[in-house]
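[1] here is a sequence with its predicted model. Questions after.
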Amino acid sequence: ALNNLSNGLALRFKRRGNIVDLEESISIKRRAIKLIPENHEAMPILLANLGSALQSRFRRLGRMEDIDAAIDILRRVIPDHPEVEARRLMNLGLALRERFDRWGRLEDIDEAIISTRNAIELTSNDNVNKPGHIADLGANLVIRFQRLRELGDLERGINAIQHATQLMPDNHTDKPACLGNLGFALMLQFDETGDDKSITKSIEVARQANDLTPDDHPIKILRLNNLGSLNQMYFQRLKVAENNDSAIVTLTRAVELASDDHPMKPRLLANLGGALHARHNRLDNAEDLENAITHARHAIALTPDGHADKAAFLKNMGTFLNSKTKLSPTEENVESASQAFMDAANQKSGQPSIRLEAALNCIQLYSWFSRSRDRFHDDLLQAYQRMLDLIPQNIWLGQNVKRRYEQVPQIGDAVNGAAAAAIRSGNFTRALEWLEEGRNIVWGQVLQLRTPVDALRQTHPGLADKLARISHHLELGASSAGSFRTLSPTNAALSCL
């Protein structure tokens, strides 16, 4: 009876979004678990339901202790019935994916994919939940593609989500989420292939997903974010002003609906800031620029240190402030923009490529401004040092030969720029140290070109994939301890079904 009451409260929370219902549901579940012995036949179901409820509270309040506890519970309980075991595996996969979204640990998304695949195998074809399971597998594959850029993950993810969508009637409760995820995946495909059909279809299905979601539904915020973000990405690619304006209207609505304690609020603010900054560049509207800076500051303030998205938010702030510097090149504006870039570069978590780009942006800003003012020379050298520290984190063994050929001259140019700056400042010892460090990095790349993983893959594909994955884990180990996989704040987000 307690379990039924708890489940009823959880269902009411899912529909109305009242956190009081969820808190009471969790309390009742815990009370029910204490009332029965550990070996009771109902214990696996009760524990699985508690884990699911803790996941829901994490999504609403963003408490890491909830998602960690949910994962521990879901790993511990092993039901005897295949359908119950499939539900446990699905919930475990979703929890791991959500933790990956927060900290960016690759092992979490890898395990999520395995758990979801196993759940699908245990689920009968006539089970009404099977399409949702297939869609979640597709979403997990798309998320991993965003980190590893393995096109096979994206293609398999799109196929899975499309298959799930075809299996769902229009009145299926998961249809809007499935369509939203498909729209986002198609946008990523457009980024990779440049096929206009993908980007047009992505906005079409995102709009359909938003239209199918009631205005008072808690997931409406995510639907609006996805639709707005996709419109903005369309504008960035094809420069259609109407899409930029539509993105701002839609994202503004999403920000208005989300309270400051909503886990998506920082990303919503970042996305809206990016769209406003784009309109400032298009129309030279000073108010848009100031609003973009305000939203960026708000997003940073709401994001805890160590979050995988923080580096991207700080880099966005640097970009917006740099636009202000171009309008008014004062030392104060230069310092504000460069500090944001360096704060992004110095983050311990987040995508290494974002942090390296932030360091390069800071170098560009200092180089431009220090030509007329000597006081920024020391800051410029610090930025170059951070750049050199980040270069090895952006190189990993699994990259293909073409990408490594591209990187060699880029690394050489960056190192030469660092040495030249050190020589101009009279620091010849540092210039020699940097040239030696750069030489080691470049030669490391050259040696990889002579013995690429591609050659191993021709004879032992399984071993090559395992070696590449281990290399990538080692390269990102320190940085991912802190997404999203960082989802770039200018991107949409995949939802849990």
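    Sure, I can see it. Numbering: from 1, shown residues only.

[2] residues in contact with the residue of the chain positioned farthest from its centre?
    Within the chain, the residue lying farthest from the chain centre (Cα atoms, centre = their mean) is Gly426, at 42.0 Å. Going by Cβ atoms under 8 Å, 6 or more residues apart in numbering, Gly426 touches no other residue. The C-beta positions use only the backbone N, C-alpha and C, and glycine is treated the same way.

[3] now it, what's its secondary structure?
    coil (DSSP: H, G, I helix; E, B strand; the rest coil).

[4] need phi/psi at it.
    Phi and psi for Gly426, reported as degrees, to the nearest 10, are phi 80, psi 10.

[5] just use 463 as the starting number from now, easier for me
    Okay, using 463 as the starting number, the last item reads as Gly888.

[6] quick check: it vs Asp840, distance?
    Per Cβ to Cβ, to the nearest Å, Gly888 is found 12 Å from Asp840.

[7] by contact count, what packs against the strand or helix carrying Ile596?
    When elements are assigned from DSSP states H and E, Ile596 belongs to helix 592-610. Judged by 3 or more Cβ pairs under 8 Å, 6 or more residues apart in numbering; DSSP states H and E, the packing partners of helix 592-610 are helix 544-565, helix 568-584, helix 613-629, helix 637-655.

[8] next one: Arg564 from Arg759, what distance?
    Taking Cβ to Cβ, one finds Arg564 at 22 Å from Arg759.

[9] who has more neighbours, those two?
    The residue with more neighbours, out of Arg564 and Arg759, is Arg564; 22 against 17, by other Cβ atoms under 10 Å.

[10] that one touches Asp528, doesn't it?
    No. Judged on Cβ atoms under 8 Å, Arg564 makes no contact with Asp528 at a distance of 11.2 Å.

[11] quick check: closest non-adjacent residue to Phe890.
    Residue nearest to Phe890 in three dimensions, not counting chain neighbours: Ala884, with 7.3 Å by Cβ to Cβ, 6 or more residues apart in numbering.

[12] tell me which helix or strand that neighbour sits in.
    Going by DSSP H and E, Ala884 is in helix 863-886.

[13] what mean pLDDT does that helix have?
    For helix 863-886, mean pLDDT is 73.

[14] please report how far the residue nearest to Phe890 lies from Gly900.
    Here the criterion is Cβ to Cβ. By it, Ala884 lies 12 Å from Gly900.

[15] which one of those two has more residues nearby?
    For Ala884 versus Gly900, the count of surrounding residues by other Cβ under 10 Å is larger for Ala884: 23 against 20.

[16] check contacts around that one.
    Ala884 makes contact with 843, 846, 890, 892-893, 896, according to Cβ under 8 Å, 6+ apart.

[17] where does the stretch 513-662 of the chain dip in pLDDT?
    541 (pLDDT under 70).

[18] tell me the secondary structure at Val590.
    Recorded secondary structure, Val590: coil (three-state DSSP).

[19] so it versus Asp636, what's the distance?
    When Val590 is compared with Asp636 (using Cβ to Cβ), they lie 10 Å apart.

[20] more neighbours, those two?
    Between Val590 and Asp636, counted using other Cβ under 10 Å, Asp636 has the larger neighbour count: 21 against 12.

[21] show me where the stretch 763-912 of the chain has helices.
    772-789, 793-807, 814-831, 839-852, 863-886, 890-912 (DSSP state H, counting those that start in this stretch).

[22] can you list the buried residues in the second one?
    So that's helix 793-807. 795-807 (16 or more other Cβ atoms under 10 Å).

[23] you'd agree Leu616 is up against Phe652?
    No. Look at Leu616 against Phe652 with Cβ under 8 Å: they stay out of range, at 11.0 Å.

[24] need the residues touching each of those two.
    Counting by Cβ under 8 Å, 6+ apart, Leu616 and Phe652 have no common neighbour.

[25] just to revisit the earlier point, possible to save the helices and strands packed on helix 592-610 as CSV with distance to Gly879?
    Below are those laid out as CSV (distance: least, Cβ to Cβ, whole Å):
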stretch, distance to Gly879
helix 544-565, 33
helix 568-584, 32
helix 613-629, 33
helix 637-655, 29
